[in-house]
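**Q** how would this look folded up:
(3 chains)
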Amino acid sequence: MPIFDQGYQHWSGELTGHGLRWLAITRHGVRIGMKNRLLRIALLIAWLPAAVLTFSLCVWGLLEQKSDLVQPLVPFLTGMLGPDVVNNPKAYRVEVWTLCYDYFLLTELRFSMIVVLLVGPGLISRDLRFNALPLYFSRPLRRIDYFVGKLGVVVVFLGSVLVVPSVIAYVLGLLFSLDWTIIRDTFPLLLACVGYGAVMSVSAGLLILALSSLSRNSRYVGLFWLAVWFVSSIVGTVLTGVNEEHRMRQTYRRAVEAERAAQAERPPKSPEDRQRQAASRQEAQRRMWADLQREQREAARSDWRPLFSYTANLSRVGRHWLGADASWEKLAETVPADERDRYLLENMGAQYPWYWSAAVLAVLFGLSICILNFRVRSLDRLK
Amino acid sequence: MKPVVEFHEVSKWYGNVIGINKLSVRVPAGVTGLLGPNGAGKSTLLQLATGQLYPSQGRVRVLGRDVWNNPSLNRHIGLCPEQDAFYEWMTGRDFVYVCARLSGLARPAARAAAARALDAVGMTAHQDRVVRGYSKGMRQRTKLAQALVHDPDVLFLDEPFTGTDPVARRELMDIIRRLGAEGKSVLVSSHVLHEVQALTPNIILLNRGRLVAEGHVRQIRDLIDKHPHHIVLVCDEYRRLAARVLAWEDVEGVRVLARDKGLVVETHAPDAFYGRLPELALEDGLAIKEVYSDDDNLDAVFKYLVNR
Amino acid sequence: MLFHLEDVTKTYGPVTALDNLSVSVPTGAVGLLGPNGSGKTTLIRTLLGLIPVDKGSGAVLGLDIHTRQLDIRRLVGFAPEDECLFPGVAGVEFAAYAGELVGMRTKDAMQRAHEVLDYVGLGEARYRRVETYSTGMKQRLKLASAVVHDPKLLILDEPTNGMDPAGREEVLELARDLAHNKGMSLIFSSHLLPDVEAVCDHVVVLGAGRLLAEGMIRDLKQLHDGCFEVRLKANPAAFARRLASLGCTADVRDDLLLVRVPVGQSQQMLWQAAAAQREQIRFLRPQRSTLEEIFLKAVERP
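**A** Here you go, the predicted model:
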């Protein structure tokens, strides 16, 4: 037949199974997300900490090789870490890598929140606003496919910000140190990093999806997200700070009272007496200061106040998996004993057990799933 | 007939975009249909006529008075807009009552008028329900009620039947026809041609912001020379009928509908053609069972005039 | 058999949407009619397997509605009534995405999207973003998205809503073509009876969750023997009087004349009267109930 029918043609191709149905939704979501210029800029900026991380790891690797390239940096590193560490880089390799990754993940946590703010709010709220749910559910698509697909969009973007740079930095750091034993020492670090990235993506992803399903207007959802991030952060910090202030003041007051009582017992009679008393007062102050540091450290172990902050919870879990606390303690050994507590208090973060944070995250996880289940009810209603 | 709504060389443009282009039209009393494809300027015309827009050129008058910035004239104008914008928390009765009060009726008069209007549109049973719970048909009826509540002389209805089911539609059409018969002027803008056809034979047709045709449908059809009329004849002996009909001078073509045993005859002079039909039908064996023209209606007029 | 339902009941709290509904419909083009609140939307959602029913059973295209819901949706295309196009994508991307959601491979979906967009008549416009489309184009895109996976059943919910006459013609033409020439079954739900009449052969009328009437349009429109609808050039009153004097019953309704000729006579009586009175008969057809009459009669039945 020389002339072909231009009308409607039938189609009898194959349909893929259910397993990969969510991939279509993820791909579509990523494509739409990439059209947003702000997001592209944010992703680009989010790679800067990765560059810094890679640089640090490479520097450490060169330091281990006693390369001349890093000699200009040695004084700077000595000032920061102390001479013991700089002169013995191989021994402290694991610790330094751990802490580099720790700082990197902490910074990337902030960037992730911004990326989620740019990508997340429209995911479900747009479908609600433009009434696209009948379009999805009149096709052979289960609700779980829909949710996993949408979650996949957030996971892809956060993964590209957290996991991909970590892996690349690891590989580059490896190449720059030319020492295969590094893998044996630091491989758990890489696993922890990837695991943390996964937990972060899923937790933040589900949370933003749940928030997104609550409103048709993605601007409100963006505001909710900012509230979750900032307001919870502020609440946690304020509570912790107030608590610490309170403790410090109590300790001071006790010390001052003790000193006054001691002075009242033996009033000064001569200039030597006065000098002796001044010296003993100074001694008492130093002791009190050390006591305070120790007390703060003890109290921090069971301080629940930071649990209010969402980002603090995430970073607590991450730090535990990375083993950052152990690294700090090892580094603290290079610091004179009396300054050790203050050093640790300054550098280590909150000390409460990590499983408290994990529990908070699990509760949020469950809450998000409940909200999603309730809001996207697959059209079983009257209107 | 004194025109109720008068447009005199009215143009309206939005920036560069033309809405209405030198439109001069007079809408008489009775029901008139306002037709046109999308973007023809129907909404602009209605907004100009109700004083919501100021014409870039020309003059708009309703009931003899200038309509721009003339709030007292609104007492005599009723508008049922296309958009769905209610105070969703009010009940139907409250909403129509508020509209009545806004039109200047005193409290007891407004209450009575609201009840009457809701009864006329058939919403008395649902008047105490909140508007948020109304279906689309109920909303349309409430909109019509608020347009009628102050008993205006001129009514503008923009797509009044969307979303209504055939039962409600029939009732609303009866109301509109009755209003037209009472001497009020009703301008109904709609896309659904067979609804307008059922309401009135008088139409105003717009296209691209310009007036294309105005008046009685049949007159307009008769004036459209370019398209010959298509008249269908059904007869058992259709081929013989075809031969007889072809002999007439004003017949331009005959198409055979073998399956229906009929013919489609094209003619430029339908009047003359119909005049000769009864004698032809009585001739030997040529019993014409059916005569009809798909052409003599609004759909055909619209198609011919708009899709040039 | 397109679909059949037996004793299906669905309630939402105090409101009963479907009340022991039993209906059986053959393949082909079916019109779904009913006043507002009659359960049409609920019926469509039940057929799509989107909502669970309280009671009853049924099957769509031979697949059970309780157990084979996903398979049903693979064979069914649905174009919903409301606006459902989300902005930010081009028309062809939208149609391809719709195909991918059913399970088509990306390449297949893109090829097929272009094919169906050709069919519905969206030419170069398919590369533009969806939010720039006119109402007619949006409806056509919706239709294209619904048939991209070549369903056996197409459900259209008020497809001509808000379209101008030209656009309406096109959509009805597409629906007719798909239903009659391309072997696709169609469920056409609409309030506009002439549209339903133009496209469908079979009709189902619902009211208050129950089945009020069902059958082929051709069969439901009974022919009234000896009754004719007549339109004249001039005022029909005079003609009606003449016919009455000849023994017919003539009813004047606006400009339409409903005539019943005496038994044994035919329309030739009318031609004779017209010739005698020099009248022009411009419309002469045997009286048939219109779909609107069928509908109103079915709905008014208690």
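**Q** Could you list the low-pLDDT ranges of chain C?
**A** Residue ranges of chain C with pLDDT under 70: C:301-302.
**Q** Nearest the geometric middle of it, what residue?
**A** In chain C, the residue lying closest to the centroid (Cα atoms, centre = their mean) is C:Val196, at 3.0 Å.
**Q** name the element A:Val115 belongs to?
**A** Using DSSP states H and E, A:Val115 maps to helix A:93-119.
**Q** What does the residue nearest to the centre of chain C show for phi and psi?
**A** Dihedral angles of C:Val196 (phi, psi; degrees, to the nearest 10) stand at phi -60, psi -40.
**Q** just to revisit the earlier point, after the helix holding A:Val115, next one along is what?
**A** helix A:122-129.
**Q** now that next one: mean pLDDT?
**A** Here helix A:122-129 scores 88 as its mean pLDDT.
**Q** Check the offset of that helix from the chain's centre.
**A** Taking Cα atoms, centre = their mean, to the nearest Å, one finds the center of helix A:122-129 at 27 Å from the center of the full chain.
**Q** Same question for stretch A:282-295.
**A** That offset, for stretch A:282-295, works out to 33 Å (Cα atoms, centre = their mean).
**Q** about what we covered before: the helix holding A:Val115 and chain C in contact?
**A** No. Applying Cβ under 8 Å from any Cβ of the partner chain, one finds helix A:93-119 separated from chain C by no less than 13.4 Å. Any C-beta I mention is one placed from the backbone N, CA and C, and that applies to glycine too.
**Q** So which bits of that helix are buried?
**A** Of the residues in helix A:93-119, A:93-102, A:104-109, A:111-119 count as buried by neighbour count, 16 or more other Cβ atoms under 10 Å in any protein chain shown.
**Q** rewinding a little: just give the closest residue to the residue nearest to the centre of chain C, not the sequence neighbours.
**A** Counting by Cβ to Cβ, 6 or more residues apart in numbering or on different chains, C:Val196 lies nearest to C:Gly31, which is 3.8 Å off, once chain neighbours are set aside.
**Q** quick check, the one you found in a helix?
**A** No. C:Gly31: not assigned to a helix; according to DSSP: H, G, I helix; E, B strand; the rest coil it is strand.
**Q** any idea how far it is from chain A?
**A** C:Gly31 sits 20 Å away from chain A, going by Cβ to the nearest Cβ, to the nearest Å.
**Q** what sits against that residue?
**A** For C:Gly31, the contact set (Cβ atoms under 8 Å, 6 or more residues apart in numbering or on different chains) comprises C:188-190, C:196-197, C:199-200, C:202-204, C:217.
**Q** Look up phi and psi at the residue nearest to C:Asp71 when sequence neighbours are not counted.
**A** Distances taken as Cβ to Cβ, 6+ apart put C:Leu63 closest to C:Asp71, at 5.3 Å, once the chain neighbours are dropped. Backbone dihedrals for C:Leu63, given as degrees, to the nearest 10, come out at phi -110, psi 130.
**Q** right, and C:Leu63 touches C:Arg73 too?
**A** No. Assessed by Cβ atoms under 8 Å, C:Leu63 is found out of contact with C:Arg73, at 9.8 Å.
**Q** So between those two, which is more surrounded?
**A** Shown here are C:Leu63 and C:Arg73; by other Cβ atoms under 10 Å in any protein chain shown, C:Arg73 has more neighbours (24 against 20).
**Q** Need the three-state assignment for the more buried one.
**A** C:Arg73 is classified as helix under three-state DSSP.
**Q** Spit out the contact partners of it.
**A** Contacts for C:Arg73 were tallied using Cβ under 8 Å, 6+ apart; they are A:138-141, C:48-49, C:102.
**Q** just A:Leu364 next, same as before
**A** A:Leu364 touches A:203, A:206-207, A:310, counting by Cβ under 8 Å, 6+ apart.
**Q** what's the neighbour count on B:Ser72?
**A** When neighbours are counted by other Cβ under 10 Å, B:Ser72 registers 8.
**Q** In terms of pLDDT, where does it sit?
**A** 88.
**Q** go on, B:Gly262?
**A** On pLDDT, B:Gly262 comes in at 90.
**Q** That one: neighbour count?
**A** 22.
**Q** For it, name its beta-bridge partners.
**A** Beta-bridge pairing for B:Gly262 (DSSP bridges): B:Val234, B:Leu257.
**Q** Those residues of the stretch 51-200 of chain B touching chain C, which are they?
**A** B:135-138, B:159, B:162-170, B:191-194.
**Q** cool, and the stretch 201-308 of chain B?
**A** So the stretch 201-308 of chain B meets chain C at B:271, B:274-275, B:277-279, B:281-282, B:287-293, B:296, B:299, B:302-303, B:306-307 (Cβ under 8 Å from any Cβ).
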